[in-house]
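S.K.: Could you work out the structure for the sequence below:
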Amino acid sequence: QVQLVESGGGLVQPGGSLRLSCAASGFTFSNYWMFWVRQAPGKGLEWVSGISAGGSGTHYAGFTGGRFTISRDDARNTLYLQMNNVERGDTALYYCAREGPGGQGDFWGQGTQVTVSS
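M.R.: Next up is the predicted model:
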């Protein structure tokens, strides 16, 4: 069955860096667009970044401002999100998801918590 397992979250100070990982299994990872979505406390889901099958295309939400980099390692079936110069507003539960038909996420991980605080 399809599984997505995020890791790498934690407590980080403003201006610090963090790398999130999402281990995929149960499907041919290289064939799918993947993306990251986050949910801050008391707020709705917010799309963060997406990457094409094969990794040639990447897209970012405006708030990332060049601070985040999405990447993938198809040999390891793993999706990454490098977060640099983090801000308090980046505090959220971060989910990875597989893009299904129609562009929506059809499978989601359980999320990894990122807390930015001094």
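S.K.: Verify the stated contact: Arg38 with Glu46.
M.R.: Yes - using C-beta atoms under 8 Å, Arg38 makes contact with Glu46 at a distance of 5.3 Å. Every residue, glycine included, has its C-beta placed from N, CA and C.
S.K.: Comparing the two, which residue is more hemmed in?
M.R.: Taking other C-beta atoms under 10 Å, Arg38 and Glu46 do not tie; Arg38 has more neighbours (23 against 13).
S.K.: gap between the more buried one and Tyr95?
M.R.: 7 Å (C-beta to C-beta, to the nearest Å).
S.K.: need the strands for the chain, in chain order.
M.R.: Applying DSSP state E to the chain gives strands spanning 3-7, 10-12, 18-25, 34-39, 45-51, 58-60, 68-73, 78-83, 92-99, 105-108, 112-116.
S.K.: And the pLDDT at the closest residue to Ile70 other than its chain neighbours?
M.R.: Counting by C-beta to C-beta, 6 or more residues apart in numbering, Ile70 lies nearest to Ser49, which is 4.2 Å off, once chain neighbours are set aside. On pLDDT, Ser49 comes in at 98.
S.K.: which residues touch Ser49?
M.R.: Residues in contact with Ser49 (C-beta atoms under 8 Å, 6 or more residues apart in numbering) are Phe35, Trp36, Thr58, His59, Tyr60, Ala61, Thr64, Phe68, Ile70, Leu81.
S.K.: I'm done for today, thanks for sticking with me.
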